[in-house]
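*Asks:* show me how the following folds:
(2 chains)
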Amino acid sequence: KMLIIRSQSTEPSLYTVKAVLILDNDGDRLYAKYYDDTYPTVKEQKAFEKNIFNKTHRTDSEIALLEGLTVVYKSNIDLFFYVIGSSHENELMLMAVLNCLFDSLSQMLRKNVERRALLENMEGLFLAVDEIVDGGVILESDPQQVVHRVALRGDDVPLTEQTVTQVLQSAKEQIKWSLLR
Amino acid sequence: MIKKFDKKDEESGSGSNPFQHLEKSAVLQEARIFNETPINPRRCLHILTKIIYLLNQGEHFGTTEATEAFFAMTRLFQSNDQTLRRMCYLTIKEMANISEDVIIVTSSLTKDMTGKEDVYRGPAIRALCRITDTTMLQAIERYMKQAIVDKVPSVSSSALVSSLHMVKMSYDVVKRWVNEAQEAASSDNIMVQYHALGLLYHLRKNDRLAVTKMLNKFTKSGLKSPFAYCMLIRIASKLLDETEGGHDSPLFDFIESCLRNKNEMVVYEAASAIVHMPNCTARELAPAVSVLQLFCSSPKAALRYAAVRTLNKVAMKHPSAVTACNLDLENLITDSNRSIATLAITTLLKTGSESSVDRLMKQISSFVSEISDEFKVVVVQAISALCQKYPRKHSVMMNFLSNMLRDDGGFDYKRAIVDCIISIIEENPESKETGLAHLCEFIEDCEHTVLATKILHLLGKEGPRTPQPSKYIRFIFNRVVLESEAVRAAAVSALAKFGAQNDDLLPSVLVLMQRCMMDSDDEVRDRATFYMNVLQQKQKALNAAYIFNGLSVSIPGLEKSLHQYTLDPSEKPFDMKSVPLATTPITEQKTEIAPIATSKLPEKLAPSRQDIYQEQLAAIPEFQGLGPLFKSSDPVQLTEAETEYVVRCIKHTFARHMVFQFDCTNTLNDQLLQKVLVQMEPSESYEVIHYIPAPSLPYSQPGSCYTLVRLPDDDPTAVSCTFSCTMKYLVRDCDPNTGEPDDDGYDDEYVLEDLEVTVADHIQKVLKPNFGAAWEEVGDENEKEETFALASVRTLDEAVGNIISFLGMQPCERSDKVPENKNSHVLFLAGVFRGGHDVLVRARLALADGVTMQVTVRSSEETVVDVILASVG
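*Replies:* Numbers count the residues shown, from 1 in each chain, chains lettered A, B, ... in the order given. Sure, this is the predicted structure:
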């Protein structure tokens, strides 16, 4: 009856994640992906993000219950990462998503997980989240797999099958990744 | 153009955001280079990133501009740049609902999904399913089936998860892929396993047998994926929940075995599942509590949080099961995560002893301002429970609550505090003045109308009867000056009660009332004018009837009666006694902290049970002349459980008649009963005047028959009677499978248990919020008093319970609660006797050797007093 009690009729489901957010240290949205209609409008979403930020940015507490939802979070330098699920959700599953996201980005950004590096590699972030959560379902939880799938360097394709432009492209890509520290 | 590579910008410090001042129109302008040949992958990639960034920021794209950009983007499929292609998939998904004609990319995506590039295949499947409808899904069905069983995990997972998304829209197509999903479930890859299990369950969840089989298979063979284990545990506990009976089942054994899994996520899921099962025994809970106890000392905050939150849940129902964890919980009350600390403390408050309360409350007040409203409500709930458990602690709690009331917080939080303070005031008379003072302070600056009116109502009820009523007047009148209409109206009603109760305050109240008569709002003015006129009469009886105790009629009933009156013009004034009484007391509801989730629902005045009966009975022609329904009893069982026929009776009392409604159920599947009626033989001069049979009672479909009885006119004191009851009917045997009955039937009968009519059937409960005023109003004209000895009763509680249920009257002034360690008590009861006569009972009880009871009865009708005393004696 009270807010802590899990409804007995909860339907077993793969839909685990309600939202993934990344805010900067002013609480502004750098990335936000909502997977259901808990906050249907941009206005409601931004209000929720503001509330989340106010309640979490001073403490490094990892987990909180806000607006009836479980929020797991992690901060690094000037970035705040959040994964949000229902209050009935297994907290450790949400944590697995958060850790996977953070570790994947950490590898992609060569451990340089801060706002500037992230902004310069937004496509990497977009692709990484797309590999981790699909429509609220956890798609992958292993950061190695995620990085492998995002940082496509064409290594898988035998050289003979590549055109000259492709080889050049592939080389460019590799240079780009190495520049992005 | 592309700022990101600007040297200057690079040096301008980490505050810069290359996306900060993006203009949607400028970006869409840039998107024109998608059409240039050759394609510049790098620039195009950057522009797509900007578009997705803008969408992600919540920027609105119009259909035309989105469609234009989308079509330009499709050209980028000509490039073989892998990152660019992946960004195209993302753009397709992001724009699926904004742009028109997104299906234009179907063939490109189908090509990628079936192509050689593994890195394209998974994302292409997911993008394709995002833009596909049922018809198109059938066209790619072959590819989907192949993809589900593909040996590349990302392809298989993508296909399974996309299928899951499609189930809602295209169940009939997706269900044909169940064999492929089955095959994928035995994959070595942990995510594929998980996704396959999820899809299989969704396809089979309505087929209990199939789900059970699937569970058996996977619990035996074992799985590698911890996610899949969690899913299995959820499915198993759902099945268990739907199964009647105990936990002596392989499903429970499976969940319990998961407590020994090597993955914490699985262990926690299993422990949580066990804790949330209804009717768990202490023995079944113990292993789950043990693992949660271990988690309490984990270095991971999320795990500590999960554990203590679950233990808190256990403590609500089984505090003793958690006592073993008290030491671990003590260690958590200083946890840097305040949510964990709060949960630990509120759990300890439930499991700990009275002596630890002060210490824990002190600890929690040191950080209560840092926690979220959700947890503040948890704290208030814990306090509320504590106050009931340890009434002596109310002053500590009250202090704490008043501090919380001053803090910032939302409506749910404030409401929880106010409800908690009100319940403390009601339970502990000595805390009344402190509590009222805190609430007065709160309404001085309260933005919630609902709470302000609730508190004003309470002030009006309790304030006038405190030693110093005058001090509340200022707080109340401030509301009249400062607040919204609803609050002003509530304040006027509260003021009137002070004037009615306290003669020395009356002159000032009248002056204030005069001012309220100038209010800009109709309702406020009407109330002020009404109270002004009543108060000026200075008559106790008027005050009691119109200010303290209000109307006790059913509101839907009043509406109906008034409507009837207007339809039928007559010289006679409208008679309030013809209106059915309200069956549930409106004002003195038990204050409970409602769950937060439902707080947004508007409160609705549902018709009461009696309103529904009134309607049903009025539809039967034979009952039309009986007048308004006075009272309906609770159902009385007239058969044992699990007999051939199940019969229960509801007694409906009218002014001069009673209708007995027999709800009958035939539990024999080889019989059809017809013309069913219950024959009644009264022991007294009650007269059965009509039987209305139930025409037909097929197997397991309940039906009702009625018996109409006239009450004895000549002897109004004959209120009790015993009826012997026999059910009579025609049996037609029938085929149990088809229900087809034989042509012929035979008469039969079935003896039911006796039915008693008692004095309680003639009295309707009515709540008098101010019993004293009502007592004066009725007066002592017909007062009678008698003393009885209740020899067989051992405690005051028991005596009070017996009297209430015997007379069927409403206890007032919370006198149904006997304070602990007292050997005398006064019980106040109020009701209306059949025919519309108010009746009040004051019972003084003394405990010595057994209970002695002095009963004083007042009523506007002398016979009623005699009836009550005669029936008690």
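*Asks:* quick one: the strands in chain A?
*Replies:* A:19-24, A:29-34, A:63-66, A:69-76, A:79-86, A:133-134, A:137-138 (DSSP state E).
*Asks:* and those, which one is worst for confidence?
*Replies:* Note on these: lowest mean pLDDT is at strand A:63-66, with a mean of 90.
*Asks:* returning to that earlier point: now tabulate the strands of chain A in CSV and tack on mean neighbour count.
*Replies:* All C-beta spots, glycine's among them, are computed from the backbone N, C-alpha and C. Shown next, in CSV, are those (neighbours: other CB atoms under 10 Å in any protein chain shown):
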stretch, mean neighbour count
strand A:19-24, 22
strand A:29-34, 20
strand A:63-66, 24
strand A:69-76, 22
strand A:79-86, 23
strand A:133-134, 25
strand A:137-138, 23
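*Asks:* now those strands as CSV including distance to residue B:145?
*Replies:* Output for the strands of chain A, formatted as CSV (distance: least, CB to CB, whole Å):
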stretch, distance to residue B:145
strand A:19-24, 31
strand A:29-34, 30
strand A:63-66, 41
strand A:69-76, 37
strand A:79-86, 32
strand A:133-134, 19
strand A:137-138, 20
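*Asks:* wait, residue B:227 touches residue A:138, no?
*Replies:* Yes - with contact defined as CB atoms under 8 Å, residue B:227 reaches residue A:138; the gap is 6.7 Å.
*Asks:* just give me the neighbour total for residue B:115.
*Replies:* Residue B:115: 11 surrounding residues under other CB atoms under 10 Å in any protein chain shown.
*Asks:* now do the phi/psi pair for it.
*Replies:* The phi/psi pair for residue B:115 (degrees, to the nearest 10) reads phi -80, psi -170.
*Asks:* which residues does it contact?
*Replies:* By CB atoms under 8 Å, 6 or more residues apart in numbering or on different chains, the contact list for residue B:115 reads residue B:121.
*Asks:* do you know how far it is from residue A:138?
*Replies:* To residue A:138, residue B:115 is 26 Å away according to CB to CB, to the nearest Å.
*Asks:* repeat that for residue B:384.
*Replies:* The gap separating residue B:384 from residue A:138 is 38 Å, by CB to CB.
*Asks:* checking residue B:688 next. Helix, strand or coil?
*Replies:* strand (DSSP: H, G, I helix; E, B strand; the rest coil).
*Asks:* isn't it up against residue B:682?
*Replies:* Yes - using CB under 8 Å, residue B:688 is in contact with residue B:682, at 6.9 Å.
*Asks:* so for these two, which residues contact both of them?
*Replies:* Common neighbours of residue B:688 and residue B:682, counting by CB under 8 Å, 6+ apart, are residue B:709.
*Asks:* for chain A, which helix is longest?
*Replies:* helix A:91-108 (DSSP state H).
*Asks:* now for the strands of chain A, which one comes closest to residue B:44?
*Replies:* strand A:29-34 (21.2 Å; CB to CB).
*Asks:* contacting residues around that closest one?
*Replies:* Under CB under 8 Å, 6+ apart, the answer for strand A:29-34 is A:18-24, A:45-46, A:49, A:79, A:115, A:118-119, A:122, A:125-126, A:129, A:133, B:56-58.
*Asks:* what are the pairing partners of it, and which direction each?
*Replies:* Looking at strand A:29-34 with DSSP bridges, its partner strands are strand A:19-24 (antiparallel).
*Asks:* just the C-alpha atoms of the partner strand, please, in CSV.
*Replies:* Extracted in CSV, the C-alpha atoms of strand A:19-24 (Å, rounded to 0.1, in the frame of the first residue of the first chain):
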residue,chain,number,x,y,z
ALA,A,19,15.7,7.2,-18.8
VAL,A,20,19.4,7.8,-19.3
LEU,A,21,20.6,11.4,-18.5
ILE,A,22,23.9,13.2,-18.6
LEU,A,23,24.0,16.7,-17.1
ASP,A,24,26.8,19.2,-16.8
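*Asks:* helix A:91-108 and that one, what's the angle between them?
*Replies:* 50 degrees (axes from the mean of the first three to the mean of the last three CA atoms, to 10 degrees).
*Asks:* what's the distance between strand A:19-24 and the middle of its chain?
*Replies:* 7 Å (CA atoms, centre = their mean, to the nearest Å).
*Asks:* can you check stretch B:749-756 too?
*Replies:* On CA atoms, centre = their mean, the centre of stretch B:749-756 falls 38 Å from that of its chain.
*Asks:* stretch B:295-307 now?
*Replies:* 30 Å.
*Asks:* can you mark which positions in it are buried?
*Replies:* Buried residues in stretch B:295-307, counted by 16 or more other CB atoms under 10 Å in any protein chain shown: B:295-296, B:301-307.
*Asks:* what's it in contact with?
*Replies:* The contact list for stretch B:295-307 (CB under 8 Å, 6+ apart) reads A:61-63, A:72, A:90-92, A:94-95, B:264, B:268, B:272, B:292-293, B:308, B:311, B:325, B:328-329, B:331-332, B:335, B:337, B:339-340, B:343.
*Asks:* now residue B:790: closest residue in space, sequence neighbours ignored.
*Replies:* Spatial nearest neighbour of residue B:790, excluding adjacent residues (CB to CB, 6 or more residues apart in numbering or on different chains): residue B:851 at 4.4 Å.
*Asks:* let me redo that: residue B:420
*Replies:* Residue B:420 sits nearest to residue B:384 (CB to CB, 6+ apart), 4.5 Å away.
*Asks:* return the distance of residue B:545 relative to chain A.
*Replies:* To chain A, residue B:545 is 39 Å away according to CB to the nearest CB, to the nearest Å.
*Asks:* with residue B:695 instead?
*Replies:* 38 Å.
*Asks:* tell me how many other residues crowd that residue.
*Replies:* Residue B:695 has 11 neighbours, counted by other CB under 10 Å.
*Asks:* list the contacts of residue 24.
*Replies:* You didn't say which chain, so I picked chain A. A:30, A:78-80, A:115.
*Asks:* oops, wrong one, chain B.
*Replies:* Residue B:24 touches B:54, B:59, B:61, B:65, counting by CB under 8 Å, 6+ apart.
*Asks:* just to revisit the earlier point, would you point out the most distant pair within the buried residues of stretch B:295-307?
*Replies:* Among the buried residues of stretch B:295-307, B:296 and B:302 lie farthest apart (CB to CB), at 12.7 Å.
*Asks:* list the buried residues for stretch A:140-155?
*Replies:* Applying 16+ other CB under 10 Å to stretch A:140-155 flags A:140-141, A:143, A:145-152, A:154 as buried.
*Asks:* kindly reformat those residues as JSON lines containing distance to residue B:181.
*Replies:* Formatted as JSON lines, the buried residues of stretch A:140-155 follow (distance: CB to CB, whole Å):
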{"residue": "A:140", "distance to residue B:181": "19"}
{"residue": "A:141", "distance to residue B:181": "20"}
{"residue": "A:143", "distance to residue B:181": "27"}
{"residue": "A:145", "distance to residue B:181": "21"}
{"residue": "A:146", "distance to residue B:181": "24"}
{"residue": "A:147", "distance to residue B:181": "28"}
{"residue": "A:148", "distance to residue B:181": "25"}
{"residue": "A:149", "distance to residue B:181": "22"}
{"residue": "A:150", "distance to residue B:181": "27"}
{"residue": "A:151", "distance to residue B:181": "30"}
{"residue": "A:152", "distance to residue B:181": "28"}
{"residue": "A:154", "distance to residue B:181": "32"}
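*Asks:* please put the alpha-carbon coordinates of the longest helix of chain A into CSV.
*Replies:* C-alpha atoms of helix A:91-108 as CSV (Å, rounded to 0.1, in the frame of the first residue of the first chain):
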residue,chain,number,x,y,z
GLU,A,91,18.6,-1.4,-8.2
LEU,A,92,21.6,-3.5,-9.3
MET,A,93,20.3,-3.9,-12.8
LEU,A,94,20.1,-0.1,-13.1
MET,A,95,23.6,0.1,-11.6
ALA,A,96,24.8,-2.4,-14.3
VAL,A,97,23.6,0.0,-17.0
LEU,A,98,25.2,3.0,-15.3
ASN,A,99,28.5,1.3,-14.9
CYS,A,100,28.4,0.0,-18.5
LEU,A,101,27.7,3.5,-19.8
PHE,A,102,30.4,5.1,-17.7
ASP,A,103,33.1,2.5,-18.5
SER,A,104,32.3,2.5,-22.2
LEU,A,105,32.7,6.3,-22.4
SER,A,106,35.8,6.1,-20.2
GLN,A,107,37.4,3.8,-22.7
MET,A,108,36.3,5.8,-25.7
